[in-house]
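*Asks:* The sequence and its predicted three-dimensional model are supplied below.
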Amino acid sequence: MTSLFDDTPSFSDDEIPQFDVVSDISDHHFAGKRLKTSLSTSISTIASVHKKIMQEWKVLSENLPESIFVRAYETRIDLLRAAIVGAQGTPYHDGLFFFDIAFPSDYPAKPPVVYYHSFGYRINPNIYNNGRVCLSLLNTWNGKKSEKWDSKNSTVLQLLLSIQALVLNEKPFFNEPALPPWLGRAFWEKKSITYNERMFILSCKTMLLVLRRPLKNFEPLINQHFKDRAEFILNACDSYRKGLPKDGFVKGEVSAKFQGEMDRLYGVLVLAFSKTGAHVEPLLQQVREEKEMKAKEKTATDTATATYVGKIISVVSKLKKIVFWGFTTENKNKKSKTDID
């Protein structure tokens, strides 16, 4: 990977830069969709847009936080792709969330267009499974004038930070508009806890799909991130499934449904993280032993059930014989009495 600006620090092969310029755009959502340019658009306007985009590149290359990564494209300066790491204390913690960005032909008069790689999951009230991102800053959501895109001051960096902090937040349920206040805060807080559990499940499923189908130009980041964070993620998941949360976003009790879902996902996550080179062999062994134990328990249960059912069938069979014998005896007695009469 190469650096764009001379004053950008160079990176060794084993380091992953926050910002970089790459060439492969083949899986970018907007790769085959050039945003329309009016015939009346002047060369000077196009040059002005390109200049502004290059300024955005420089801002990103110098100011990205450690939890956001961006790739620009050599042959399509109107496109970007960003990876955002879910913040600690949220149901998105340690997840990787990918957004494809396209600059309009009259940028910055209009905000960028953003597409989220959902893998079919709706992880937030503001982010849909069709990739749509609803945010005031993108002019895709209602908001105060101060919250909307400002062609003089708004930037892509501001946009990415807003998605991370305001959308993928600690209590995303409250991103829902117009929750009826008469039901009380306590009612909605309870709903929020349930929603967070569901969002973490979807976040884990997204992790698995990101690992199976990594987005281009982010393969090293994806592998390294989950290799580095595997232990923390799995410790959190293990505590969730056991109903004893001590890590992650849960501060109190978890529901039985959430425990069951985490129990089913835990082994799959351990196996997926093991393929990144993460040191999870002890956990793999634990998962194998648990699987064997569950298989034995199932066999024992099936055997006990079969035995119980067999006894029931035997009892029913005997009862049928008794009833049949009684019925036959009664008929014989009736016939004997008829013969006498």
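*Replies:* Received it, and whenever you're ready, just let me know what you need.
*Asks:* measure Lys144 to Ile127 for me?
*Replies:* 21 Å (Cβ to Cβ, to the nearest Å). For every residue, glycine as well, the C-beta is placed using N, CA and C.
*Asks:* which one of these two has more residues nearby?
*Replies:* Shown here are Lys144 and Ile127; by other Cβ atoms under 10 Å, Ile127 has more neighbours (24 against 7).
*Asks:* Below-threshold pLDDT in this protein: ranges please.
*Replies:* Applying pLDDT under 70 to the chain flags residues 1-14, 35-42, 247-248, 292, 295-300, 302, 323-324, 326-341.
*Asks:* any chance you could map the strands in it?
*Replies:* In the chain, the strands defined using DSSP state E lie at 19-22, 68-73, 79-85, 96-102, 113-116.
*Asks:* Pull up the distance across stretch 22-30, start to finish.
*Replies:* Its first and final residues considered, stretch 22-30 spans 15 Å by Cα to Cα, to the nearest Å.
*Asks:* roughly how far apart are Thr307 and Ala272?
*Replies:* 39 Å.
*Asks:* And Phe98, by the same measure?
*Replies:* In this view, Phe98 and Ala272 are 17 Å apart by Cβ to Cβ.
*Asks:* do Leu159 as well
*Replies:* Here Leu159 is placed at a distance of 30 Å from Ala272 (Cβ to Cβ).
*Asks:* Next: Pro172.
*Replies:* In this structure, Pro172 lies at 24 Å from Ala272, with Cβ to Cβ as the measure.
*Asks:* go on, Leu209?
*Replies:* The gap separating Leu209 from Ala272 is 10 Å, by Cβ to Cβ.
*Asks:* okay, these two: which has more neighbours?
*Replies:* Ala272 (21 against 15).
*Asks:* ok, now which ones touch that one?
*Replies:* Residues counted as contacts of Ala272 (Cβ atoms under 8 Å, 6 or more residues apart in numbering) are Met207, Leu208, Leu211, Arg212, Phe226.
*Asks:* Just the buried ones among these, please.
*Replies:* Among those, those classed as buried by neighbour count (16 or more other Cβ atoms under 10 Å) are Met207, Leu208, Leu211, Phe226.
*Asks:* Which residue, neighbours along the chain excluded, lies closest to the first one?
*Replies:* Take Met207 and drop its neighbours on the chain: the residue closest to it by Cβ to Cβ, 6 or more residues apart in numbering is Gly95, 5.8 Å away.
*Asks:* what about that neighbour, how many neighbours?
*Replies:* 26.
*Asks:* Let me see the backbone angles for it.
*Replies:* In terms of degrees, to the nearest 10, the main-chain angles of Gly95 are phi -80, psi 160.
*Asks:* residue contacts, it?
*Replies:* Applying Cβ under 8 Å, 6+ apart to Gly95 gives the contacts Val85, Gly86, Ser203, Cys204, Thr206, Met207.
*Asks:* OK, contacts around Val287?
*Replies:* With contact set as Cβ under 8 Å, 6+ apart, Val287 has these partners: Tyr266, Gly267, Val270, Leu271.
*Asks:* try 6 Å
*Replies:* By Cβ atoms under 6 Å, 6 or more residues apart in numbering, the residues touching Val287 are Gly267, Val270.
*Asks:* Number of residues surrounding the nearest residue to His279 once chain neighbours are set aside?
*Replies:* Distances taken as Cβ to Cβ, 6+ apart place Glu231 nearest to His279, at 7.5 Å, with adjacent residues excluded. As a burial measure, Glu231 scores 14 neighbours (other Cβ under 10 Å).
*Asks:* Spatially nearest residue to the spatially most central residue of the chain (excluding sequence neighbours)?
*Replies:* Taking Cα atoms, centre = their mean, the centroid of the chain lies closest to Ser203, which sits 2.3 Å from it. Using Cβ to Cβ, 6+ apart and skipping residues adjacent in sequence, the residue nearest Ser203 is Gly95, 4.3 Å away.
*Asks:* Could you name the stretch from the strands of the chain that's closest to Ser192?
*Replies:* strand 96-102 (20.0 Å; Cβ to Cβ).
*Asks:* Tell me which residues are up against that closest one.
*Replies:* With contact meaning Cβ under 6 Å, 6+ apart, strand 96-102 is reached by 28-30, 35, 78-84, 112-117, 210, 215.
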